[in-house]
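Visitor: Can you look at this prediction? I've put the sequence above it.
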Amino acid sequence: MATLIVALIVGAILFGVGLYGSLSQTNLVMIMMGVELILAGAMVNLVAFWRFLHPEAYSGQMFVLIVMTVMALEMAVGFGVGTARFRYKGSVEMEEARDLKG
Amino acid sequence: MLQTIFVGLFGIAAIWFGVVVFTTSSMVRSALALLFSQAAVGAMFLAMQTEFLGVLQIMMMGTEMSIMAIFMVMYMMDPGGLMGMDMTHQKRISQVAGVLGALVVVGIVFLVGWGSIAGSVPPDQQVHGLGIELMERSMLIFETAGITILTAMIATIAVALERRQ
Amino acid sequence: MTYVALTILGPLAAMVAILLIRRAAPALALIGVGVALIGAITTLVNVAGGARYAATLPGLPEFPLRLIATPLTAVLSTVIAVVGAFVMLYAIGYMEEEGGKVRFFVQMSFFVAAMETLVLAGDWVLLLAAWEMIGLASYMLIGFWYEEEGIGEAATRAFLYTRTADLGLYVGIFILVSQAGTTEISDTLEVGGTAAFAASLLILLAAAGKSAQTPLQGWLQDAMAGPTPVSALLHSATLVAAGAILLIRAFPLFPPGTLLVVGALGGVTAVVAGVMAVADRDLKRLLAASTSSQYGFMLLALGVGSPVAALAHLTAHAAMKSSLFLGSGVFQHARGSTDFSKLSGIGRERPFVFAGFTVAGLALAGVPPLAGFWSKDAVIAATFESPYAWLFSPLALFGTALTGIYVARTLRLLWKGEKQDEPVAGMAWMGAGMSGLVALAIILGFALEPLAGLVGGGLPRDLLTVVLGAAVAISGLALGWFVPADSLLGPVRASAEKGFRIGGGFEQFVARPALAVARVTDAFDGGIHRGVLTVGHAGLAVARASRITDEKGIDGLIFALVRGTRNLGRRARRLQTGLVHKELLLAVTGGVLILTFLAVRTLVL
Amino acid sequence: MNMGQMGQDLALLAPVLAVLLTAVGALSFEMLHLPKVSLPFAVIGLLVATGIAAPLIGTETTVFEGTYRVDDLSVWAVILLMPTTALTAVLACLEVRNTDREGTVYSLLVFAALGALVLAGAGDVMFLVLGVLLSSLATFALVAYPRDDRATEAAMKYFVFGSVTGAVMIFGLTYWFGITGSTLLSELSELGSAPPAAAFGFVAVLIGLGYKASFVPFHFWAPDSYDGGPVSVAAFLSIVPKVGAIFALVQVVRVLPAEATAWPLVVAVLAAITMTYGNLAALVQDNVVRLLAYSSIAQSGYFLLGVVAIGQSEFALRSLILFAGAYAAMNLGAFTIVLYVGRDLRSFTGFGRTNPAAGVAMVIFLISLVGIPPLAGFVGKFLLFGAAIDAGFTWLAVIAILNSVLSLGVYLRVVVPMYGQPKEVVATSRIVVAVWSITFFFTLAIGVAAQVLLGRIS
Amino acid sequence: MLPLVSLTLFLPLLGAALLVALPGASPRGAHAVGIVVSGLTLIGAAGMWVRGAGAGFTQVEEVSWIPSLGAAYRVGVDGISLSLVLLTVVLFFVSFVFSANVTERARSYVALFLLLETASLGVFVALDAILFYVFFEVTLVAMYFIIADWGHEGRQRAALTFFLYTLLGSLPLLLAILGLYLGSEPRTFDMRAFIESPPLAGLAAMLAFIAMFVTFAVKTPIFPVHTWLPAAHVEAPTAGSVILAGVMLKLGTYGLIRFALQMTPDAFRAAAPFVAALAVFTALYGAFVALGQTDLKRLIAYTSVNHMGYVVLGVAVAAAATDSGIRALALDGAVLQMVSHGVVTGALFLLVGMLQDRTHTREMGEMGGLLRIMPGLGWLFILAAFASLGLPGLAHFPAEFQIFLGTLRVYPVAVVAVLGIVITAGLYLRAIQISFLGKPSERWLKMPDLDRREVLTIAPIAALVVLIGVAPFLLLDVIHRATEAIGL
């Protein structure tokens, strides 16, 4: 039980740190790092749940795989978008992306 | 007990490096910190007897984070990527949000009665089980993930490549 | 029944024919009213023979329209047809040189038709309809010379005055109909109790408005603005008569309480309007005031419980007053005015007309054996029979005296002075019309008794009142004649400055108070008039205020709402900062809020 | 799982597979440097998929052990969204013709549509994740496609917003797995045992799907992305992924225990806020694309009226599906006209006079969005209101009604200048005319002949 | 049997479609289409009149439409709707004749009017709540464009106000319809079923009633939601004003009878005192505001508020009446008042339109003495004005008589509304005096009297004004058969 709780708390704190990062960072890449941390927290949760509560449900493991995919793909497309942005603007600073508003 | 300690230790490491990601003032260091954080998460998987996923995690994150570091350096136009700079805004309120988020989740962790703890599953059985899952129930999900990867490739290429003409 | 219908359809057909053909208007109108006359007389004869008619026409669901021929309605119908016919005859001459003949005769025919409908109506809806149409017809006829200054206003005022009073009739009818469940007049009159009291008072209000009773007489003198035949018809047989006719017809309804009010109102009007007539300086205005006064007599008769006397006086008055008006119309044509100052000597100039005028005047004053003597005598006699004789008899006698005074005064003013011969066009027609009516004014007195018998009930009469009435009338006449016009009029101006310098105690005690009363009543009338105008102004003020409410208040509120919404929109838009971190924070806040809500809910439940 | 079962499942998935093949095919033609073929292929493929889906109407089953549902929602999603995608692809042709990777755009559109289908039929939380991801990834690229300042800014914001909200959703979903021990949506009924976790997961799902469907306050990316990217992509974004996400939300809440999460009330409040905010913000826009973006946010709020009534009213599903069709037709029509006239509100001045036919069409689209009968929007909203009232949310229906009035103000801001003094004549294009004619037809037809649709929704 | 109701209903729409299909039509051609089509519609309606109406709904035509919702295309008439249908077709026909001189985008103008005609007729003949609502809203759209495109100076704003107001107003009806639908068993939108057995009771019925009342109050209009009316009237083109006042206001009161009274009778009865009070206030308020106007068109617009107040009063009285005779009486009055108001106000707006075409002003102060110059127009105006102020023998009198009589028997106090007839008399006489009596000013001396088109327009209406006044039973017989059968 304790292990589960510890793992879940770790997941929760990773979530908190990731959330903080996503909200506080000005740079696209740094925001992506925040997202990665949130997802890492999610994976920790999933593995803990699977291992300690539902080892028979392999969909838990499956879900972890999917989360990994998500991490990778978001990163890939994020870099694609970032590259495009960088090419035409010279930076991926969010503070500099404020033409569209209202 | 031992397991708990290991999980806790790796967890603390993951969190520690996670925090470092946003406290260090260099991009490359951030990327490395994230790499270590993710690796620690992988280690947690191993500690929780989920070997396949743990190994996978460590491998994937290794490559992923190196790519990230490269891009980081590229975008910052900082060849070394070691130049210190502040890249945060609304820091205070973000901290509040982060802490609050974590507290909420921790609260939920404690509020819910999680029921009995199950025994561990041997690694070979795990892989078998995952394989069955992949090929039967979750086949469609798996395929969809594949399609998503394809889409991501197309999307990335479509966006990232320079315009012709 | 055909004959009954003819009385209405004759003038109506004439009206339509004139409208369509647009020429030979006088002839057509005359034919129309002639047909009506034939119909009315035939009906009267038949009814006198014991026949009764009732016709039901489709009207409102549950409330069909009815025409009835009873002795009362037949008599009234005949009176109207007769007066209408003579006036129409006269009008042919009067209008000879005026424009707008088509319009005039259409409206006159319509007027007669409406009035016939009023008297023959057997149900309240039709009666009300006719009642209002008379208002319309008089509006149009009073406003006949609408291009001239003040005419439009006079017409408007006449219509508004009477319509305001008509509200009484509306509500009275509603009360009666809702009590009785039918609109048939005879059935509704059996309603008793509070409803009857309320309804009768309301009906009285309407009648007082139409018959120009105090204090609603203001419009009548202004209504002189129309052509003289119109005035003649208006005063004798139609508009003004409608009020009295309504009361006569609704008489069975009236409880004693209302009757007392009716009588008092009539008595007061007879005196007040009589005094006003004495004070007037314009022939037609004087005649108008006299009309109010005479209708006061009729109300007096009703008030003391003798509708027959009222009917008799109505009939006699119709002949007399129309003669007087017709005469004054001739004078007006001759001198182009009805101001006494311009009419002096006209009597010598047009002896025949003046003779007719004099006869009619004397009849009005109540000189035996002319028509007015008999009818007025019946009224006086009736007052003596009333339990309130102490109240009503002096009023009746005083009114009679006043009548004598102003008749004599008028005759004197018209007689004295220089002749100035001016030809008057259409004299033949006018003469014919007038002489017929004058003849009636002479002889009608002897027909009153059988008429009363036909309606059911004799005229009240006793020797004392015969003598008393005749004496009062003659002394009044003497007073009016011998006290010269100058000295009678002088004090009105002079009294304020120099006081009375007229010899003789009589003037000191009678003329001066009378004139004072006249002035007071005049002022009162002016006051009423001003009051009415003030109400009108107040109405306009309310109107303006409500208009402002509308434009500034409600619309303003709505526009404020629109502006507010747009501002809200602008504010909402400001959330969209374009800065992802702020927007993300808002999104997270949203999520947290939902969670908080759910947590609180769990805690509360 | 035996082969027979799998074959049967694949047959049920035929429409989705057809869409997949279309996407791949369109891509292949691009790779063969035949972009001219790519578009017709995509259009035909999508229509074929629609055709294949038609016989499945009325099916109520799941495939692959419950992970994907072939039911009214997913089948109608194919029938409604694939033609819409085809039309947006045709519109996109106007904007991307002869650019370097033209065919990629069509392919990405189809992939994104596939993501919407994945969402609409989701029977497993992983499909929620993948569906959001698939449609997001493809549309990130589509928004950024012009690769100019505005487009990249829009895409970057879209990406950040999407990835963060997506991550939060995934994190929350893990707790559902923790409780139920299954990723299947059909097992969500067990959530009642742990209300806090159930609620947390639900909020996370709301954030994730709410982002995709642009509910307030998860909508912020939408106006910027619509405005920054091509108009055709905006049209696509405002319809296809949105409807997909809303259908996914329905798939979630239809099994979600109401006691543990109070989801009807939460969704109702969200609906009210979304409608009101969208309309208010739209009221002050001078850029028609942004105006329509906010209006589409408000329309999402209307969709939620149907979601609120899920399980409570027999009209809920029907109203949602019908309104989805109506919304697709009228919103696409409006965007088409905007594509044709321009983003600036001022360019609409006198448009109704210079182009009477297109002007009337625009008016019809807009007043249909308001919900004036007998147009499609009316029937849709009418049913949605009915569903909400039936479920006991009369107050929500009242708010929705008030919002309709507000939205009238929004759309009249476009309509009124259309009949002012014209400045210039806008050139016509046959493609545009064809697209708006088709949407015009459906805007009228779904209104007048609602039975054709309603009779086929069980 | 020939589906006469549907034919009549959709003929104008067909005409509109024809015009849309003929892009090259000249103004003359367009007007010809308009006149012919509306003439045919008139004949169709006459056919319906000949077939007659019984106690309940007759001439019912039914086609399934959305069976899965219980909505169908159901049309039919009873005495109430039949008389309003007749009013509608007559006013439209006349409007088309009057508009024959509009040259600016005549094709769209005629098409919109034809659309409006179908929509208006549809509201009256619809027996399905959805169908009713559909037509109810379509009238709005058509009228919006008529005002916004062919109106006078401030048309855009007026059209907007009109549209916002009435749309805002109409949406609650949607809720009420939904409530009725959800309450019905089996679920249907059939208005006959709603009437047969009112589906709602208690609070739900009251809420539904309030929603319906709001809708119809705006449309009617009742204080304080009437301010759209003068604005819309003043800015609308003449034919638009005629239709607006003559037909569209009736949609409100018709709905009040058909929906509020017949479908939520108990709730209406409970609320009747308030409704009656509001109606009385509206009637008097409208009269007073009208008295304060100097613009002839606004003046007439406000008298509409007054007259429609009476209609609402009649309906409220009918709702409160426990005796079926009184109910029928009040309803007869209300319905007849609608028709009367339609023709009388139609006539007045036409005449003011003709006046405005000549003088280019609506300010009474600038006119004066016009009766001499244009006797035809002037006398017709006087006729219409007297009809409007409730003179017997003209259209309004029988209706107002019935309404007041019914009122006295149910709410004796409310009979103060009768004061309105004096105020209206005052304001019309004032208007006549200022504009028509007196000496004409030099500027107007050259103005022609009515021409042929105008005579053709106004003559039938004036004839109707008199006919209804003289022989109200022609209409009342039919109306009464329906109102008698309304058991609450």
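Guide: Arrived safely. Numbers count the residues shown, from 1 in each chain, chains lettered A, B, ... in the order given.

Visitor: Which of the three states applies to residue A:56?
Guide: At residue A:56 the chain is in coil, as set by DSSP: H, G, I helix; E, B strand; the rest coil.

Visitor: dump the residue contacts of it.
Guide: B:118, D:181 (Cβ atoms under 8 Å, 6 or more residues apart in numbering or on different chains). (Each C-beta comes from the backbone N, C-alpha and C, glycine too.)

Visitor: Tell me the confidence at it?
Guide: Among the per-residue scores, residue A:56 holds a pLDDT of 88.

Visitor: how close does it sit to residue A:45?
Guide: According to Cβ to Cβ, to the nearest Å, residue A:56 and residue A:45 sit 18 Å apart.

Visitor: Now do stretch A:93-102: distance to the chain's middle.
Guide: Its chain's C-alpha centre and that of stretch A:93-102 lie 23 Å apart, by Cα atoms, centre = their mean, to the nearest Å.

Visitor: buried stuff in that stretch?
Guide: Neighbour-count burial for stretch A:93-102, counted by 16 or more other Cβ atoms under 10 Å in any protein chain shown, picks out A:93-94, A:97, A:100-102.

Visitor: So the helix or strand bottoming out on mean pLDDT in chain B, near chain D or not?
Guide: Across the helices and strands of chain B, mean pLDDT, DSSP states H and E gives its lowest value to helix B:51-76, namely a mean of 80. No: contact of helix B:51-76 with chain D (Cβ under 8 Å from any Cβ of the partner chain) is absent, the minimum separation being 11.6 Å.

Visitor: send the alpha carbons of the helix or strand that that helix is followed by over as PDB?
Guide: Using DSSP states H and E, the helix or strand that follows helix B:51-76 towards the C-terminus is helix B:91-111. Extracted in PDB, the C-alpha atoms of helix B:91-111 (Å, rounded to 0.1, in the frame of the first residue of the first chain):
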ATOM      1  CA  LYS B  91       6.100  32.800 -11.900                       C
ATOM      2  CA  ARG B  92       4.300  33.300  -8.700                       C
ATOM      3  CA  ILE B  93       0.900  32.400  -9.800                       C
ATOM      4  CA  SER B  94       2.300  29.400 -11.700                       C
ATOM      5  CA  GLN B  95       3.900  28.200  -8.600                       C
ATOM      6  CA  VAL B  96       0.600  28.500  -6.800                       C
ATOM      7  CA  ALA B  97      -1.100  26.600  -9.700                       C
ATOM      8  CA  GLY B  98       1.600  23.900  -9.600                       C
ATOM      9  CA  VAL B  99       1.500  23.400  -5.800                       C
ATOM     10  CA  LEU B 100      -2.200  23.600  -5.800                       C
ATOM     11  CA  GLY B 101      -2.400  21.000  -8.600                       C
ATOM     12  CA  ALA B 102      -0.100  18.700  -6.800                       C
ATOM     13  CA  LEU B 103      -2.000  19.100  -3.500                       C
ATOM     14  CA  VAL B 104      -5.300  18.400  -5.100                       C
ATOM     15  CA  VAL B 105      -4.000  15.200  -6.600                       C
ATOM     16  CA  VAL B 106      -2.300  14.200  -3.400                       C
ATOM     17  CA  GLY B 107      -5.600  14.900  -1.600                       C
ATOM     18  CA  ILE B 108      -7.400  12.600  -4.000                       C
ATOM     19  CA  VAL B 109      -4.800   9.900  -3.500                       C
ATOM     20  CA  PHE B 110      -5.500  10.000   0.200                       C
ATOM     21  CA  LEU B 111      -9.200  10.400  -0.100                       C
END
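
Visitor: Beyond helix B:91-111, next helix or strand please.
Guide: helix B:123-135.

Visitor: Can you classify the residue in chain A that chain C sits nearest to as helix, strand or coil?
Guide: At 2.6 Å from chain C, residue A:101 is the closest residue in chain A, using Cβ to the nearest Cβ. Put simply, residue A:101 is coil when judged by three-state DSSP.

Visitor: go on, residue C:67?
Guide: Per three-state DSSP, the secondary structure class of residue C:67 is strand.

Visitor: Next, work out how far apart residue D:456 and residue D:80 are.
Guide: 12 Å.

Visitor: Comparing those two, which residue is more hemmed in?
Guide: residue D:80 (27 against 17; other Cβ atoms under 10 Å in any protein chain shown).

Visitor: Give me the nearest residue to the more buried one, chain neighbours excluded.
Guide: Leaving aside its chain neighbours, residue D:80 sits nearest to residue D:325 (4.9 Å; criterion: Cβ to Cβ, 6 or more residues apart in numbering or on different chains).
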